[in-house]
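**Q** test case, fold it:
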Amino acid sequence: MQTVDAVVIGAGPNGLVAANALVDAGWDVLVLEAQPEVGGAVRTAEVLAPGYRTDLFSAFYPLAAASPIVRGLHLEDHGLRWVHAPDVLAHALDDGRTAVLHQEASDTAAGLEGWGDGDGQAWLDLVEQWDRVRDPLLDALFTPIPPVKAVARILGRTGVGGALDLARLALLPVRRLADESFRGQGGGLLLTGNAMHADIPPDAAGSGLFGWLLAMLGQDVGFPVPEHGAGSLADALARRVRAGSGSVRTGERVVRVHVRGGRAIGVETAGGERIAARRAVLADVTAPSLYGRLVEDRHLPERLKRDVARFQWDHPTFKVNWALDRPIPWRSPQAAGAGTVHLGVDMDGFVDYAADLSTGRPPERPFLLVGQMTTADPTRSPAGTESVWAYTHLPHGGTWDAAATAAEVERVEAALERTAPGFGDAVVARHVQSPDALEEHDANLENGSLNGGTASLHQQLVFRPTTGLGRPETPVRGLFLASASAHPGGGVHGACGWNAARAALNQQGLLGGARAALVRTAWERVLDRP
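**A** Below is the predicted model of the structure:
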């Protein structure tokens with residue numbers, strides 16, 4: 001039986017970041033991935049036509065570019081190169097009006113001024129607020145709870161009044177934030193479109209923070225992509241693991257975490273191989289999968305099992321990929337240079353779209369997120385062509401047979417035709433990924449849910465993934481949750497994996513036993529509550 005210091009289950013970005021952190025500490029690490037290749041939801045393939053490279057899941061990475069964790073790994077030394085589209089993002093309306101997030105804040109402000117007097121300065125005010133708190137805020141978001149040092153740094157930069165303003169922004173619905181900030185709808189389109197990358201309705205508390213955060217990241221670091229495809233990011237992470245004291249094995253599905261005396265001692269694969277872990281098991285899998293499949297019920301507290309049973313997923317995703325023989329024929333030339341384009345709805349349309357999702361109706365006018373990948377990275381398709389995709393969210397509970405899939409493709413392409421007449425004439429090939437297809441190629445994408453569980457406030461912080469500590473430690477000693485189901489949640493930033501690795505490291509050494517006992521006591525108090 002093979003024995004290593006740590007087993008990491010899953011070679012998605014969080015699992016690979018965790019493995020790198022442990023390798024840097026000198027641990028002997030084995031990463032086991034069920035799929036034939038590494039990356040999880042960070043993969044690229046030619047599924048359309050020769051020479052057209054498609055990012056099968058995620059594609060643009062502002063969180064990775066801003067993350068001190070990812071930047072600290074120096075992945076450029078392992079083959080990663082970030083590239084950018086001429087413009088960061090655009091929101092194109094059916095009538096041709098387009099709001100653009102340019103690389104320079106002054107250019108974004110100048111464009112927004114045309115939507116409403118004073119809107120340019122309002123945008124610059126939001127940017128100034130971001131610049132003031134950027135580093136400590138990212139530290140607070142990415143570090144385990146409680147982020148005491150990061151919050152103290154925020155207070156030092158803002159004072160009490162500024163910190164309260166920031167706290168209010170964090171709770172605002174994005175529509176209210178837009179109404180308070182802008183006279184025209186251009187700035188609101190940029191904020192709300194970014195907020196809808198998560199699954200929080202535009203009138204719900206917390207959506208303002210998501211919209212502001214992603215918009216400001218776009219203004220700060222852009223929406224970069226890895227040259228040659230998203231898979232280049234995963235490949236660089238895996239190469240870094242292998243360059244150290246780690247190994248990565250693909251096509252190896254873990255079916256059980258073995259527990260003895262309340263401690264994780266290793267794993268078992270689908271092929272029957274048992275691998276012992278001297279120090280830790282880190283799971284880059286969803287919380288329901290970890291607690292409902294990998295760990296036997298008898299090792300879990302009853303309260304935890306009840307809480308996991310009410311775990312809420314984010315909305316399913318429906319994605320269509322196309323090979324085009326020419327660039328998208330946008331009604332508005334302003335959309336042509338943006339790597340990411342939002343379309344399909346105006347400000348009121350966001351609310352209608354969210355209402356449809358909440359009430360179980362596939363939206364007739366869906367909000368689309370479109371990726372112009374060749375615009376962002378010319379290596380993605382032959383010269384003069386475009387590799388492009390669009391995705392939208394769907395209500396829970398749908399079934400995706402051939403008829404339902406065809407109907408959704410029709411709605412998606414109709415939205416594109418309204419903003420880019422003649423789009424269909426440019427299509428060379430189409431590849432469709434229903435929620436079922438997304439899950440088939442990455443088990444963490446349960447029913448097409450991209451973010452490891454809802455981003456709504458009731459399942460964030462100490463409520464993620466269940467009411468508890470908001471930390472990667474689990475009630476099983478030596479077992480750590482390293483996926484997007486853990487705080488801080490979805491997005492390719494590596495924090496979930498990094499936090500799990502740091503927690504595992506902290507339970508070693510002279511003070512490790514005391515730290516482990518403290519966490520165990522805290523868990524017992526949470527899980528034994530009446």
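**Q** list the contacts of Gly218.
**A** Contacts of Gly218 were listed using C-beta atoms under 8 Å, 6 or more residues apart in numbering, and they are 62, 88-89, 101, 194. All C-beta atoms are positioned from the backbone trio N, CA, C, and that covers glycine.
**Q** try 7 Å
**A** Neighbouring residues of Gly218 by C-beta atoms under 7 Å, 6 or more residues apart in numbering: 62, 88-89, 101.
**Q** list just the nearest of these to Asp199.
**A** Pro62 (18.1 Å; C-beta to C-beta).
**Q** neighbours around Gly161, how many?
**A** Summarising burial for Gly161: neighbours were counted as other C-beta atoms under 10 Å, giving 8.
**Q** all helices for the stretch 201-350 of the chain, in order.
**A** Listed in chain order, the helices of the stretch 201-350 of the chain (DSSP state H, counting those that start in this stretch) span residues 207-221, 231-243, 287-289, 302-309, 347-359.
**Q** show me what the third one is packed up against.
**A** Helix 287-289 is packed against no helix or strand, with contacts defined by 3 or more C-beta pairs under 7 Å, 6 or more residues apart in numbering; DSSP states H and E.
**Q** rounded mean pLDDT for it, please.
**A** pLDDT averaged over helix 287-289 equals 97, rounded to a whole number.
**Q** list the contacts of that helix.
**A** The set of residues that contact helix 287-289 without belonging to it, under C-beta under 7 Å, 6+ apart, is 308, 311, 443, 465, 481, 485.
**Q** let's see 8 Å
**A** By C-beta under 8 Å, 6+ apart, the surrounding residues in contact with helix 287-289 are 308, 311, 443-444, 446, 452-453, 465-466, 481, 483, 485-486.
**Q** would you format the contacts of Gly218 as CSV with neighbour count, distance to Ile69 and pLDDT included?
**A** Below are these laid out as CSV (neighbours: other C-beta atoms under 10 Å; distance: C-beta to C-beta, whole Å; pLDDT from 0 to 100):
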residue, neighbour count, distance to Ile69, pLDDT
Pro62, 27, 14, 97
Val88, 29, 22, 98
Leu89, 28, 24, 98
Leu101, 30, 25, 98
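**Q** closest to Leu155 among those?
**A** Of all the contacts of Gly218, Pro62 has the smallest distance to Leu155: 25.7 Å, by C-beta to C-beta.
**Q** the closest one and Ala407, how far apart?
**A** Summarising the geometry, the distance separating Pro62 from Ala407, computed by C-beta to C-beta, to the nearest Å, is 32 Å.
**Q** show me the shaky parts of this structure.
**A** 509-530 (pLDDT under 70).
**Q** let me see the domain layout of it.
**A** Listed by automatic domain parsing, the domain ranges of the chain are 2-42+230-311+450-527, 104-216.
**Q** before we move on, back to that, inside helices: which ones of the contacts of Gly218?
**A** Pro62 (DSSP state H).
**Q** specify which member of the contacts of Gly218 is nearest to Leu357.
**A** The shortest gap between Leu357 and any of those belongs to Leu89, at 22.0 Å (C-beta to C-beta).
**Q** what is the closest one paired to in the beta sheet?
**A** Taking DSSP bridges, one finds Leu101, Thr340 as the beta-bridge partners of Leu89.
**Q** coming back round to it: among the domains of the chain, which comes closest to Val412?
**A** Evaluated over the domains of the chain, closeness to Val412 peaks at domain 104-216, with 15.3 Å, by C-beta to C-beta.
**Q** quick check: end-to-end length of that closest one?
**A** In domain 104-216, first residue to last residue: 11 Å (C-alpha to C-alpha, to the nearest Å).
**Q** the stretch 1-150 of the chain: strands as residue ranges?
**A** Listed in chain order, the strands of the stretch 1-150 of the chain (DSSP state E, counting those that start in this stretch) span 2-9, 29-32, 44-45, 54-55, 82-83, 87-92, 98-101.
**Q** ok, which of the ones you listed comes nearest Gln372?
**A** Proximity to Gln372, assessed across the strands of the stretch 1-150 of the chain by C-beta to C-beta, is greatest for strand 87-92 (9.5 Å).
**Q** quick one: work out the angle between that closest one and helix 207-221.
**A** 140 degrees (axes from the mean of the first three to the mean of the last three C-alpha atoms, to 10 degrees).
**Q** any buried residues in stretch 179-196, and which?
**A** By 16 or more other C-beta atoms under 10 Å, the buried positions in stretch 179-196 come out as 181-182, 184-196.
**Q** actually stretch 123-138, not the one I typed
**A** Burial within stretch 123-138, assessed by neighbour count using 16+ other C-beta under 10 Å, is assigned to 123-124, 126-127, 129-130, 133, 136-138.
**Q** widest-spaced pair of those?
**A** With distances taken as C-beta to C-beta, the most widely separated pair in the buried residues of stretch 123-138 is Trp123 and Pro136, at 22.3 Å.
**Q** the domains of the chain into CSV, with extra columns for distance to Arg411?
**A** Output for the domains of the chain, formatted as CSV (distance: least, C-beta to C-beta, whole Å):
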stretch, distance to Arg411
domain 2-42+230-311+450-527, 19
domain 104-216, 16
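**Q** and Thr419, which of these is closest to it?
**A** Smallest distance to Thr419 across the domains of the chain (C-beta to C-beta): 12.8 Å, for domain 104-216.
**Q** pull the distance from that closest one to the chain's centre.
**A** 18 Å (C-alpha atoms, centre = their mean, to the nearest Å).
**Q** ranking the domains of the chain by burial, who's on top?
**A** A comparison of the domains of the chain by mean neighbour count, using mean count of other C-beta atoms under 10 Å, puts domain 2-42+230-311+450-527 on top with a mean of 21.
**Q** centre of the chain to that domain, how far?
**A** Taking the mean of its C-alpha atoms, domain 2-42+230-311+450-527 sits 17 Å from the chain's own mean (C-alpha atoms, centre = their mean).
**Q** give me the phi and psi for Val427.
**A** Recorded main-chain torsions at Val427 are phi -80, psi 120, according to degrees, to the nearest 10.
**Q** what about the closest residue to it other than its chain neighbours, how many neighbours?
**A** Once flanking residues are discounted, Val427 sits nearest to Trp322: 5.3 Å by C-beta to C-beta, 6 or more residues apart in numbering. As a burial measure, the neighbour count of Trp322 was computed by other C-beta under 10 Å and equals 25.
**Q** what's near enough to touch Trp322?
**A** 48, 387-389, 427-431.
**Q** now render the residues you listed as TSV, adding secondary structure and neighbour count.
**A** Formatted as TSV, the entries for the contacts of Trp322 read as follows, by DSSP: H, G, I helix; E, B strand; the rest coil; neighbours: other C-beta atoms under 10 Å:
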residue	secondary structure	neighbour count
Leu48	coil	22
Ser387	strand	28
Val388	strand	28
Trp389	strand	22
Val427	strand	15
Val428	strand	15
Ala429	strand	14
Arg430	strand	13
His431	strand	18
